[in-house]
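Colleague: structure for this input, please:
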Amino acid sequence: MSVKSEFHAILDTAGIVPVISVSDAKQVAPLVQALFNGGLRVFEFTLRHPSAMQALKQACETFPNEIIGAGSVRTPEQFDEAVNAGAQFIVSPGSTPALIAHAKQQSVPWLPGAATASEMMTLWDAGFCYLKFFPAEANGGAAALKAISAPLGELRFCPTGGINPQNLHAYLGLTCVACVGGSWMLPQNLIDEGDWQGITALTEQALNLAKSLPQAN
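Modeller: Presented below is the predicted three-dimensional model:
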């Protein structure tokens, strides 16, 4: 099984991928540990602030046995920098011809964002079958994804953007959804207070909810 196939299999069983954004290096280790204690094994660090790449590198070095990736990657240069920092997968909010061409040459899996049928078809033609539906809620939510994906049965999705306990079941109930991405188990006030047990509790609740949902239909 290739690295990309292994990653796809992992997504199919992950349930939830936390979308992490931290600016304080001291928060990285306890935050990931709190999520790990809650049952998560796949982590996405978004590159949305100047110290994000260092946070990613620190997480990868501290937790070498976990699956840690980089999100919000927009250029081939960022792609390579994140991989050099230790990222095991790359996530982008969308795609560009340059990113598509670059990602096709890499062994590290890429989860590109798509919101329209045309974007999805373009990525499928380029060889990418696991996509990020983003921003999910702003683009019509689970109902829109169900409709758009109906004629695109080869594709699998990780919806991200506006996912929460109230709509989690709507997404995970779709046959085209491998997992969801979200940050509702990471409220900023708990991070600021260093309430790692609180984050673990929210993570456990999120995973228990995901596991309690009916099988996709």
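Colleague: please make it C-alpha for all contacts and neighbour counts, starting now.
Modeller: Fine.
Colleague: hey, where'd the helices end up in the chain?
Modeller: 3-14, 25-37, 52-62, 76-84, 97-104, 117-125, 141-149, 168-172, 188-193, 196-212 (DSSP state H).
Colleague: can you put those helices in CSV and add mean pLDDT?
Modeller: As requested, these are exported to CSV (pLDDT from 0 to 100):
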stretch, mean pLDDT
helix 3-14, 95
helix 25-37, 96
helix 52-62, 96
helix 76-84, 98
helix 97-104, 98
helix 117-125, 98
helix 141-149, 98
helix 168-172, 96
helix 188-193, 96
helix 196-212, 96
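Colleague: reformat the ones you listed as a markdown table; add mean neighbour count and distance to Val91.
Modeller: Formatted as a markdown table, these follow (neighbours: other CA atoms under 10 Å; distance: least, CA to CA, whole Å):
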| stretch | mean neighbour count | distance to Val91 |
| --- | --- | --- |
| helix 3-14 | 15 | 12 |
| helix 25-37 | 19 | 18 |
| helix 52-62 | 21 | 13 |
| helix 76-84 | 18 | 9 |
| helix 97-104 | 15 | 11 |
| helix 117-125 | 16 | 14 |
| helix 141-149 | 18 | 19 |
| helix 168-172 | 21 | 19 |
| helix 188-193 | 12 | 22 |
| helix 196-212 | 18 | 21 |
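Colleague: just put those in CSV and tack on distance to Cys179.
Modeller: Output for those, formatted as CSV (distance: least, CA to CA, whole Å):
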stretch, distance to Cys179
helix 3-14, 6
helix 25-37, 16
helix 52-62, 22
helix 76-84, 22
helix 97-104, 21
helix 117-125, 17
helix 141-149, 13
helix 168-172, 7
helix 188-193, 23
helix 196-212, 10
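Colleague: minimum distance to Ala178: which of those helices has it?
Modeller: For Ala178, the closest of those is helix 3-14, at 4.5 Å, according to CA to CA.
Colleague: contact partners of that closest one?
Modeller: 40-42, 107-109, 130, 178-179 (CA atoms under 8 Å, 6 or more residues apart in numbering).
Colleague: enumerate every residue touching Val177.
Modeller: Per CA under 8 Å, 6+ apart, neighbours of Val177: 156-159, 171.
Colleague: please redo it, this time with the cut-off set to 6 Å
Modeller: Val177 is in contact with 156-157, counting by CA atoms under 6 Å, 6 or more residues apart in numbering.
Colleague: from Gly69, how far out is it?
Modeller: Relative to Gly69, Val177 is positioned 19 Å away (CA to CA, to the nearest Å).
Colleague: do Ala34 as well
Modeller: 17 Å.
Colleague: okay then, goodbye and thanks.
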